[in-house]
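**Student:** generate a structure from the sequence data that follows.
(chains A and B)
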Amino acid sequence: GESVGLHLPTLSVQEGDNSIINCAYSNSASDYFIWYKQESGKGPQFIIDIRSNMDKRQGQRVTVLLNKTVKHLSLQIAATQPGDSAVYFCADKPLRTPLVFGKGTRLSVIA
Amino acid sequence: NAGVTQTPKFQVLKTGQSMTLQCAQDMNHEYMSWYRQDPGMGLRLIHYSVGAGITDQGEVPNGYNVSRSTTEDFPLRLLSAAPSQTSVYFCASSYSRREDTPLHFGNGTRLTVT
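**Tutor:** This next block holds a predicted model:
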């Protein structure tokens, strides 16, 4: 079946540095992509999304980049803070099928 | 505006028991879904609904039933609990029936089956 994967299962960054979390998807027909943050004991929380007709989208301190040629998605977090420590999931939406979630990347921020 | 509310937060069942996990949303969302989250497996879709009276199976539907009699509620029933159903269960909803708008998640129900 189709799957969404992550290049790195864990990522440690220094407080104040920028973080980049990567994600690969396999379905070239996917037209919607989304990033979630999950803190311990809580449900996933929406961060940012992007549609396939865009290459880049910016939010507050976060940027999502989409490279459809190589089926790659990345989440950039500027000036990473201790509160950014969490597990980050990407998901993609193939046509006529539900969202497919990746397994997650754990981000640890070192103070 | 409470968002997505799940009850209970924790539950322990014996093998063979049945129970219902409750999910309610107050955002008037058409789309609702249930996921289970297991270590190393990510989120896997159990069942979903695109509106009242309409439900469909996801990736891992066996052993679970759902119904959608109102827009607000989407309960998940375990018919005969098995240890393999030990997991954290999340309910989610979104505005769009096509699931191309952000999902809003509840805080989960942690279920242990002994």
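**Student:** what segments of chain A are helices?
**Tutor:** In chain A, no helices are found when defined by DSSP state H.
**Student:** so where's it shaky on pLDDT?
**Tutor:** Judged by pLDDT under 70, chain A has its weakly predicted residues at A:1-8.
**Student:** looking at it, which residue is nearest chain B?
**Tutor:** Going by CB to the nearest CB, chain B is nearest to residue A:43 of chain A, at 3.4 Å. Heads up, the C-betas are built off the backbone N, CA and C, glycines and all.
**Student:** ok, that residue - how many residues close by?
**Tutor:** By other CB atoms under 10 Å in any protein chain shown, the residues close to residue A:43 number 23.
**Student:** contacts for stretch B:28-38 next, please.
**Tutor:** A:98, A:101, B:21, B:23, B:25, B:43-51, B:58, B:60, B:64, B:66, B:68, B:71, B:74, B:76, B:87-99, B:103-104, B:108 (CB atoms under 8 Å, 6 or more residues apart in numbering or on different chains).
**Student:** wait, the residue of chain A closest to chain B sits on residue B:103?
**Tutor:** No - Residue A:43 sits out of contact with residue B:103 when judged by CB atoms under 8 Å, with a separation of 9.6 Å.
**Student:** overlap in contacts, the two.
**Tutor:** Counting by CB under 8 Å, 6+ apart, the contacts common to residue A:43 and residue B:103 are residue B:92.
**Student:** just the buried members of the contacts of stretch B:28-38?
**Tutor:** When neighbours are counted using 16 or more other CB atoms under 10 Å in any protein chain shown, those contain these buried positions: A:98, A:101, B:21, B:23, B:25, B:43-50, B:58, B:60, B:64, B:66, B:68, B:71, B:74, B:76, B:87-95, B:99, B:103-104, B:108.
**Student:** does residue A:64 touch residue A:51 like I think?
**Tutor:** No - under the criterion of CB under 8 Å, residue A:64 lies out of contact with residue A:51, with a separation of 10.6 Å.
**Student:** more neighbours, the two?
**Tutor:** Summary of the neighbour comparison: residue A:64 and residue A:51, criterion other CB under 10 Å, with residue A:64 having more neighbours (24 against 12).
**Student:** tell me the bridge partners for the more buried one.
**Tutor:** For residue A:64, the beta-bridge partners under DSSP bridges are residue A:57, residue A:75.
**Student:** tell me the contacts of it?
**Tutor:** For residue A:64, the residues meeting the contact criterion (CB under 8 Å, 6+ apart) are A:33, A:35, A:48-50, A:56-57, A:73-76.
**Student:** distance of residue A:95 from residue B:38?
**Tutor:** 27 Å (CB to CB, to the nearest Å).
**Student:** for residue B:70, same thing?
**Tutor:** Distance of residue B:70 to residue B:38, given as CB to CB: 29 Å.
**Student:** show me the contacts for residue A:78.
**Tutor:** A:18, A:61-63.
**Student:** my read: residue B:106 touches residue B:5, true?
**Tutor:** Yes - contact between residue B:106 and residue B:5 holds when scored by CB under 8 Å: they sit 6.2 Å apart.
**Student:** what lies in contact with the longest strand seen in chain B?
**Tutor:** In chain B, with assignment by DSSP state E, the single longest strand is strand B:42-51. Applying CB under 8 Å, 6+ apart, the external contacts of strand B:42-51 come out as A:44, A:89, A:91, A:98-99, A:101-104, B:30-38, B:55-61, B:64-66, B:68, B:71, B:74, B:76, B:89-90, B:97, B:99.
**Student:** up against chain A, what does chain B have?
**Tutor:** Taking CB under 8 Å from any CB of the partner chain as the criterion, the neighbours of chain A within chain B are B:4, B:33, B:35, B:40-45, B:48, B:58-59, B:90, B:92, B:99-108.
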